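Chemist: Sequence below, structure please.
(2 chains)
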Amino acid sequence: MDRYTFIENFNNQERPFKTYLCFKVERLDGDTAIPLDEYKRFVRSKGPDQPQGPHHAEFYFLEQIRSRNLDQNQHYRLTCFISWSPCYSCAHNLTTFLKENPHISLRIFASRLYTNNRFGWYQRGLRELQAAGAQITIMTSQDFEHCWETFVDHRGSPFQPWEGLEAKSQELRENLQAILRTQQN
DNA sequence: ATTTTCAAT
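Modeler: Just a heads-up that it's a prediction; the model follows:
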């Protein structure tokens, strides 16, 4: 991913009409996580005017992972850095995927909380995803930096935090915590 | 909430 795309899409104070999802895969061997760098990649959402669209970014992520046919006799950890947190439908699809693949665990680091629905079901989707074993958190400056170092063609330039990154991250973190600790009914 | 949130003008 080029530097401009990262900054435009992961800035937690912007609200772009698209979503980028960077993911990496590790094989877990006891307490050791072995990176499988050949699986490292990023996907983005596509509109109806684009081939294979329209789908949210998570659709292409699951498509990529499924095509890998990860060995069911091994244990893997998927790590996602996503610019918008999953909508209800995507959260549900990820939940189903985790239930069908007990040898795979998932961590999601979201830059922003996606709350654009009328009924507030996005909250339920995130809770169900967490209940299925996924770890869901808001990206901190360390996470942005890690994503920059890992997925961005930074050409040697260090990650430059934008104004207000920490405050926004903190605010979103509190929002997410309130969502995830709410009792499901 | 009255919001330009994985668009559509």
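Chemist: I'd like to know which residues of chain A are adjacent to DNA strand B.
Modeler: Taking CB under 7 Å from any atom of the strand as the contact definition, chain A meets DNA strand B at A:15-19, A:45-49, A:54, A:56-58, A:82, A:84-87, A:90, A:113-116. The C-beta positions use only the backbone N, C-alpha and C, and glycine is treated the same way.
Chemist: Now that we have these, which of them are buried?
Modeler: A:19, A:45-46, A:56-58, A:82, A:84-87, A:90, A:113-114 (16 or more other CB atoms under 10 Å).
Chemist: Mind checking which of the residues of chain A next to DNA strand B land in helices?
Modeler: Within the residues of chain A next to DNA strand B, residues falling in helices by DSSP state H are A:A57, A:E58, A:C90.
Chemist: So for the second one, what's the pLDDT?
Modeler: I take that to be A:E58. You'll see A:E58 listed with a pLDDT of 97.
Chemist: ok, now A:S169?
Modeler: Looking at A:S169, the pLDDT reads 96.
Chemist: Check the one 4 residues further on too.
Modeler: The per-residue pLDDT reported for A:R173 equals 95.
Chemist: Where does it sit: helix, strand or coil?
Modeler: Three-state call for A:R173 (DSSP: H, G, I helix; E, B strand; the rest coil): helix.
Chemist: got the contact list for it?
Modeler: A:R173 makes contact with A:T137, A:I138, A:T140 under the criterion CB atoms under 8 Å, 6 or more residues apart in numbering.
Chemist: hang on, the last one packs against A:A167?
Modeler: No: taking contacts as CB atoms under 8 Å, A:T140 lies outside contact range of A:A167: 11.8 Å.
Chemist: Name the residue in those two with the higher neighbour count.
Modeler: Neighbour tally, A:T140 and A:A167, criterion other CB atoms under 10 Å: the higher count belongs to A:T140, 15 against 11.
Chemist: excluding its backbone neighbours, what's nearest that one?
Modeler: Distance criterion CB to CB, 6 or more residues apart in numbering; nearest residue to A:T140, sequence neighbours excluded, is A:S169 at 5.5 Å.
Chemist: What residues of the helix or strand hosting that neighbour count as buried?
Modeler: Assigned by DSSP states H and E, A:S169 belongs to helix A:165-180. For helix A:165-180, burial by neighbour count (16+ other CB under 10 Å) applies to A:L165, A:K168, A:S169, A:L172, A:L176, A:I179.
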